[in-house]
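> here's a sequence, model it:
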Amino acid sequence: MPKSVGEPDEDESKEEKPQPPAENSAWKVYLKPQWLTILLSKNKCIYGLAITFWYLANFIGCVAVINLYSDKDRLIPCDVTGKLAVPSEASKVYDLPLLMLALWHIIEWIRTTVLLSVVCIGVNWVSIWYITMPNTLFGLVTYAIVHMSYFSEDGKICADY
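Here you go, the predicted structure:
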């Protein structure tokens with residue numbers, strides 16, 4: 001029977017599905033982007049809820065940190081005498097930690113959006129998520145700097161104001 005115009009060949013209409021990994025494979029096999037996408041998208045309810053919670057936490061973190069960073073109260077002097085009595089010097093106590101927190105939350109929010117797309121839509125963007133993993137280390141350094149700033153002498157003085 002002759003084929004009509006626009007009808008795909010039999011070879012084109014059949015998609016080659018990859019063979020699933022062998023039973024009891026090592027974890028590194030399942031963490032490959034191809035298989036992780038399938039595992040995450042087949043368990044939408046479990047992973048979708050957890051990742052949505054993380055998405056909302058990072059969104060709220062973005063909004064909160066940017067609100068604190070742009071607030072006029074950051075220019076209030078922390079002390080009546082000394083270097084913290086100058087508004088520009090007083091704001092330097094928390095400026096770097098807040099900036100770093102804002103950057104981390106925004107990058108993590110984008111990463112979570114990518115992972116949520118993998119879970120909900122099934123698109124294979126796990127490689128992008130893996131490439132942006134150094135943001136996790138940046139987050140650990142950021143939180144260490146935030147705590148060091150908050151618990152420093154200047155941080156304790158400014159926390160009271």
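
> secondary structure element holding residue 55?
helix 44-70 (DSSP states H and E).

> show me what that helix is packed up against.
helix 87-121 (3 or more CB pairs under 8 Å, 6 or more residues apart in numbering; DSSP states H and E). The way it works is simple: take the backbone N, C-alpha and C, and place the C-beta from them, glycine included.

> can you give me the buried ones in the helix or strand just after the helix it packs on?
Using DSSP H and E, the helix or strand that follows helix 87-121 in sequence is helix 126-131. For helix 126-131, a neighbour-count test (16 or more other CB atoms under 10 Å) marks 126, 128-129 as buried.

> elements contacting the next helix or strand after helix 126-131?
If you walk from helix 126-131 toward the C-terminus, the next helix or strand you reach (DSSP H and E) is helix 134-150. Helices and strands touching helix 134-150, by 3+ CB pairs under 8 Å, 6+ apart, are helix 87-121, helix 153-159.

> go with 7 Å
Packing contacts for helix 134-150, counted by 3 or more CB pairs under 7 Å, 6 or more residues apart in numbering; DSSP states H and E, involve helix 87-121.
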